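Engineer: Here is a sequence with its predicted model. Questions after.
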Amino acid sequence: MSAPVLEKPEPAKPVPAVTSPTGRAENGSPPGPAAGLMANPKLVVVGAVLLIAVVSALIAGEGSWPKAWTFDVETPLRDVDGWLVDNRNSHWIFLYFLLHISNGATAAVDAVESLFASLGWVGVTVVGTLVAWTAGGADFGRRALRTAGTALGVFAVCGLLNMWEPTMETLALMTVTVFASAVLGLLLGLASGLSERCERLLRPVFDAMQVMPAFAYLIPFLLIFGVGVPSAAVATVIYAAPPMARLTALGLRGADPAALEASVSLGASAWQRLRTARIPLARKEMMLGLNQTIMMCLSMVVLASLIGAGGLGLEIYDALGSLQVGDALVAGVAVVLMAILLDRTTAAAGERLGEHTAPGTGRLARLRGLPLAAALAVLTTVLAVFGSWLSDREWPDTWTVDIAGSLQDGIDWFTGNLGSGIPLVGGTLTWADGYANFVLNPLRDALLATPWWAVFLLVATLGWVVGTWRAALSSVLALLVVGAMGLWDRSLDTLSQVLAGLVLTLVLGFLLGVLTARVARIERVVRPILDTMQTMPQFVYLIPVIGLFALGRPAGIAAAVVYALPAVVRITAQGLRSVDPTAVEAARSLGATSRQQLFQVQLPLARRALLVATNQGVVLVLSMVVIAGMVGGGALGIDVVTGLAKGNLALGLPAGVAIVCLGIVLDRITQPAGGRSTS
């Protein structure tokens, strides 16, 4: 049956637009800009407050925080640091609690590293490939073979690049932290998913942890455990557990009520309902949470090289410190390959959860019935005992390829020939200088010239308009903490970089999101690129931007834009696809052009998704701008990096607290009221 043909209506004669007292035209046409503005008093308030801020900045010319309202936080922190150093091996809280955590983390990581060394490079490659093959289905299907081939290729390339030893160090720390994060996240998710009281208690904790940049997690644990693996392990577990907890709770709360009712009618106890109904129905969400936890563990483990974690992160950090971008790129390639391996393996396992294979199908149907975990454990034990007979512990030196020199030569050539001097275009270094001089510096100067009370007023107004009075109050209190610590100017410097990066991120993200949602061909091209970008840890984004833009704030902002772009694109595209098709069809039937459908129907109906995309862009840009302090970003970022690298907690901890406060402010003024708890 053919679809009905919609005839284009005859164009109506123009009717004078007579507006009603509410600003709406009585003939149904949209109100004019002035009428629309007056119909929304909140926009009028925001405009008035913004005008006050601009005028006050022009008149005052300087907006420093009052010195009488600052407090000395460095002296107490030095005292605390000294007390911890003096009592770390004698006080009861360390002897009977914290030292057990520290020793347990160190022993677990050392045990896994010893296991990898006993297996040798052949044993690690074989076991890793078999684990990936099992996750893909343990058969000769395309998915299982592709997953196993990915694992085999990743181990081989890491060895060829002479990155075997740091890769094993990173993988050992990853194994321990992923296990601990998954267990902790599962327990918290069960508590949140089964208890309303626990859910109300944990939700604000998870919200705060979401806006905290990765650096902020390292500082308190460095204070407690000192430099080394324990600090890195504990910080990674705390950082990576929330996704597992939140998605587990989401899966438990979203279980099919009919299935739960059937379980109750059969007389199942609460424990039986949990084990046989709720958890099986939440498996997909739990696997997605595990995937996110693994990727966040890798990101933090690489970043934790600043506090002595070692591994691939240390290779990148040392190379960036000496400006050997070629060496950093080699280590960065190994990190990206590890991320791809972990992502593909967990994704393949997640895809299998919803599949129901008939008994007896597949070439290895009988093998599927065996306890594969036990078989892999036995094989690993055998290889650990006899691995030294099969191969050396490390990848053979004669099987390595040195590409760092070639990469460095290529970067030097690019910088020398394309960095500047290109007619009409200039070059990447020219763009970086122009962006700093004409965008970053004026924006920073404008913020620093705005009186502190005007900044408070503007932030409170935005928090109230977008969210609730609670959002406005929490934003003002966060700014008050920043000023009281004496970090007002440095925080506004960081804020200027975040705002500049956010504008670029949103412009590019919204544009690509619209194109991805409306053009299938572009969606097919962009999807694998976004998948790859989302698997890359934060640290890795710094490497290519240094080669393109050299050290400085523009390089950090470029890394922040690239890091935050995938989330903005995906959320925008998903929001546009979720628009009610009947609304779009109605606009089309009335003769609306494609442009009119987009701007008058799809974008207004996807407003909440666009706000969520903006919120995620803010959080991710802030996180990356802080890390960019390593490549010349300055402001709070360099304070945190220096404090971590030199163990100067009096410098690093206040800067970390200020970053968290900025994150709270930006989160509250960009998160719609419906997206947060009102409790």
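Structural biologist: Happy to help now that I have it. Numbers count the residues shown, from 1 in each chain.
Engineer: Pull the residues that contact stretch 518-534.
Structural biologist: 295, 336, 340, 343, 512, 515-517, 562-563, 565-567, 569-570, 573, 576, 598 (CB atoms under 8 Å, 6 or more residues apart in numbering). C-betas here are computed from N, CA, C, even on glycine.
Engineer: Where does pLDDT dip in the stretch 351-500 of the chain?
Structural biologist: Applying pLDDT under 70 to the stretch 351-500 of the chain flags the ranges 353-373, 387-388, 390-392.
Engineer: The same query, at a cut-off of 80, please.
Structural biologist: Along the stretch 351-500 of the chain, the parts satisfying pLDDT under 80 run over 351-394, 415-426, 466-467.
Engineer: pLDDT weak spots in the stretch 551-679 of the chain?
Structural biologist: The model of the stretch 551-679 of the chain has pLDDT under 80 over residues 626, 629-634, 644-649, 671-679.
Engineer: Which parts of it are helices?
Structural biologist: Here the stretch 551-679 of the chain has its helices, by DSSP state H, counting those that start in this stretch, at 553-577, 581-589, 594-597, 603-605, 607-627, 635-646, 649-668.
Engineer: can you list contacts of stretch 157-168?
Structural biologist: With CB under 8 Å, 6+ apart as the test, stretch 157-168 has contacts from 113, 116-117, 121, 124, 310-312, 314-315, 330-331, 333-334, 337-338, 394-395, 397, 399-403.
Engineer: For the residues you listed, which ChimeraX command selects only the ones that are buried?
Structural biologist: Only the buried members of the contacts of stretch 157-168 enter the following ChimeraX selection, criterion being 16 or more other CB atoms under 10 Å:
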select :113,116,117,121,124,310,311,312,314,315,330,331,333,334,337,338,395,403
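Engineer: Among the contacts of stretch 157-168, name the ones in helices.
Structural biologist: Counting by DSSP state H, the part of the contacts of stretch 157-168 found in helices is 113, 116-117, 121, 124, 312, 314-315, 330-331, 333-334, 337-338.
Engineer: where do the helices sit along the stretch 51-200 of the chain?
Structural biologist: In the stretch 51-200 of the chain, the helices defined using DSSP H, counting those that start in this stretch lie at 74-87, 92-93, 99-135, 142-160, 164-194, 196-211.
Engineer: is it possible to export the helices of the stretch 551-679 of the chain to a markdown table including distance to T170 and mean neighbour count?
Structural biologist: Output for the helices of the stretch 551-679 of the chain, formatted as a markdown table (distance: least, CB to CB, whole Å; neighbours: other CB atoms under 10 Å):
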| stretch | distance to T170 | mean neighbour count |
| --- | --- | --- |
| helix 553-577 | 20 | 25 |
| helix 581-589 | 46 | 13 |
| helix 594-597 | 48 | 13 |
| helix 603-605 | 43 | 15 |
| helix 607-627 | 18 | 24 |
| helix 635-646 | 18 | 23 |
| helix 649-668 | 24 | 24 |
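Engineer: want to try a markdown table for the ones you listed, with distance to L95 as columns?
Structural biologist: Shown next, in a markdown table, are the helices of the stretch 551-679 of the chain (distance: least, CB to CB, whole Å):
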| stretch | distance to L95 |
| --- | --- |
| helix 553-577 | 42 |
| helix 581-589 | 65 |
| helix 594-597 | 68 |
| helix 603-605 | 60 |
| helix 607-627 | 35 |
| helix 635-646 | 26 |
| helix 649-668 | 22 |
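Engineer: what's the closest of those to T468?
Structural biologist: helix 649-668 (9.2 Å; CB to CB).
Engineer: who does that closest one touch, helix- and strand-wise?
Structural biologist: helix 74-87, helix 196-211, helix 214-225, helix 452-466, helix 469-484, helix 488-518, helix 607-627, helix 635-646 (3 or more CB pairs under 8 Å, 6 or more residues apart in numbering; DSSP states H and E).
Engineer: Go again with 7 Å.
Structural biologist: helix 74-87, helix 196-211, helix 214-225, helix 469-484, helix 488-518, helix 607-627, helix 635-646 (3 or more CB pairs under 7 Å, 6 or more residues apart in numbering; DSSP states H and E).
Engineer: Next SSE downstream of the helix or strand where A259 lies?
Structural biologist: Assigned by DSSP states H and E, A259 belongs to helix 257-265. The first helix or strand that comes after helix 257-265 along the chain, using DSSP H and E, is helix 270-273.
Engineer: Report the distance from that next one to the chain centre.
Structural biologist: Centroid separation between helix 270-273 and its chain, computed with CA atoms, centre = their mean, to the nearest Å, is 35 Å.
Engineer: What residues of it count as buried?
Structural biologist: R273.
Engineer: With distance to G410 added, can I get the helices and strands packed on helix 649-668 in TSV?
Structural biologist: Formatted as TSV, the helices and strands packed on helix 649-668 follow (distance: least, CB to CB, whole Å):
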stretch	distance to G410
helix 74-87	44
helix 196-211	38
helix 214-225	30
helix 469-484	43
helix 488-518	26
helix 607-627	25
helix 635-646	28
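Engineer: between the ones you listed, which one is nearest to D412?
Structural biologist: Closest approach to D412 among these is made by helix 607-627 (24.7 Å; CB to CB).
Engineer: same for that closest one, what does it pack against?
Structural biologist: With 3+ CB pairs under 7 Å, 6+ apart as the test, helix 607-627 has helix 214-225, helix 488-518, helix 538-549, helix 553-577, helix 635-646, helix 649-668 packed against it.
Engineer: how about the helices of the stretch 551-679 of the chain, which one is nearest G467?
Structural biologist: Minimum separation from G467 across the helices of the stretch 551-679 of the chain (CB to CB) falls at helix 649-668, 5.9 Å.
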